[in-house]
Each structure stands twice: as C-alpha cells, then as structure tokens.
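> Give me coordinates for this.
(2 chains)
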Amino acid sequence: LAKTTQPISMDSYEGQEVNITCSHNNIATNDYITWYQQFPSQGPRFIIQGYKTKVTNEVASLFIPADRKSSTLSLPRVSLSDTAVYYCLVGENNNDMRFGAGTRLTVKP
Amino acid sequence: EAQVTQNPRYLITVTGKKLTVTCSQNMNHEYMSWYRQDPGLGLRQIYYSMNVEVTDKGDVPEGYKVSRKEKRNFPLILESPSPNQTSLYFCASSLLSRGNLNEKLFFGSGTQLSVL
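Residues are numbered from 1 along each chain as shown, chains lettered A, B, ... in the order given. Below you'll find the model as predicted:
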C-alpha cells in the first residue's frame, strides 16, 4: 500500500490559486492518484484522478511529475466554499487506497 | 438522482443493544464499502463487498458485521455495540475497477453513532 504525506493544514484567501502537494514515494506502477474533498458532516466527494503528467477538469488540475513520487492538486481562484479537507489517495483500486488525515484548507475573505 | 442513501443520520444507543445501519445505492454499482471516521484519523475501511454475497474485512472489522444479499444494499450490523464504536460512519459505492480504470467512490451523507 502506497503511503501518502500531505500538509495538515493550509490557509488561503479568496481569489488565490491553491496548490496542495502530496508525497507518495513508494507508488507502484499500477497505482493511480486520486483526490477527494470533504465538507464538515458530509461524505467525501471525488475531485480528480490521474496517472501521469497533467489532468484538468472543471474543478481542479492535477500535476504529476515524471517520477510520480508526488502530485499537486491545484485549485484555481478559490472561494470561501472551497474550505474543506482534501485527501490524496494512491492505489490500484479502491481497496488499496487509504484515506489519511488529509489537508484542511481554510479560505479567508 | 444517483445517490448512496444511509439511514439513520443520527443514532444514540446503549452498550450491547444490537443495531443496523442501512446503506442503499441506485447506481447498479458492484463495489460497496463501509468506513468510520474519527477525529485526526481520517476514514478507515471496516468492510467491503465486491459483489452480491462477496464480502471482505477492511482495516478495522472487529465488532462489525455486514451482508450483501442484494446488489443495491449493504447494511452494517453492530451485534453488541460498545462506546469505542462511537463514530461517524460512511457507506460508499463504485463500479468495480476494471484493468487500469480506477472507479471513483460515491459516499453517503454519513451516520453519526453514539454508544453510551
């Protein structure tokens, strides 16, 4: 099981771009990188998933360097409603992936 | 609307009184799973099911049972609840991973359980 390390917390201001980096040094060849977002008292929600290089959707971008030992979730122009906990998971399937403590992002006015 | 439905949303019970938390999904997903979330520990997997009549232990299965008699339902059973099972519980479902495709999890709204 690939272990992930991400910052416990981050602060930002409305309108800024936020980058959350996740370290996964022992990622395996068949592992994907997946990010989830969780608001208080709600279940996590899928944000984005990637294998290598860059993936972009309507919510975020995911940057993965060639060695795949880390990844960066990029949230463009955050708003107060982006305040949440963000989880980085690595694994070949849902049974391999583990939710750590995540990164608590606080967006301030 | 595609969703995972858990019931009840809140539950207060006493030690030793059997309880069941229900989970149902309407997306025809093969994979279903239960997690518990405790402060500072993230989500930990309790049990999972790859399909009907197929269940397996996750990381913290002690004190819990599950069943998967139908594809859409995956109830979590606490035969004799104890205070250390006080937690926030989430059910999730997904299509099964096929080859290199890693299917995303859909989560329910959670069940806050308090065992006195």
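> what sits against the residue in chain B positioned nearest to chain A?
Of all residues in chain B, residue B:107 sits closest to chain A, at 2.8 Å by C-beta to the nearest C-beta. C-beta coordinates here come from the backbone N, C-alpha and C atoms, glycine included. Going by C-beta atoms under 8 Å, 6 or more residues apart in numbering or on different chains, residue B:107 touches A:42-45, B:4, B:90-92.
> Check the spacing between it and residue B:37 real quick.
According to C-beta to C-beta, to the nearest Å, residue B:107 and residue B:37 sit 10 Å apart.
> circling back to that earlier point, looking at neighbours, which among the contacts of residue B:107 is most surrounded?
Taking other C-beta atoms under 10 Å in any protein chain shown as the neighbour criterion, residue B:91 ranks highest of the contacts of residue B:107 with 28 neighbours.
> what's around the closest residue to it other than its chain neighbours, how many residues?
Leaving aside its chain neighbours, residue B:91 sits nearest to residue B:23 (3.5 Å; criterion: C-beta to C-beta, 6 or more residues apart in numbering or on different chains). Residues lying near residue B:23 (other C-beta under 10 Å) number 24.
> Isn't residue B:23 up against residue B:75?
Yes. Residue B:23 is within contact range of residue B:75, at 6.4 Å (criterion: C-beta atoms under 8 Å).
> wait, what's in contact with the residue in chain A positioned nearest to chain B?
When scored by C-beta to the nearest C-beta, chain A has residue A:43 as its residue closest to chain B, at 2.8 Å. Contacts for residue A:43 (C-beta under 8 Å, 6+ apart) come out as B:4, B:90, B:92, B:107-110.
> Residue B:48 now?
Listed by C-beta under 8 Å, 6+ apart, the contact partners of residue B:48 are A:94-95, B:31-34, B:55-56, B:58.
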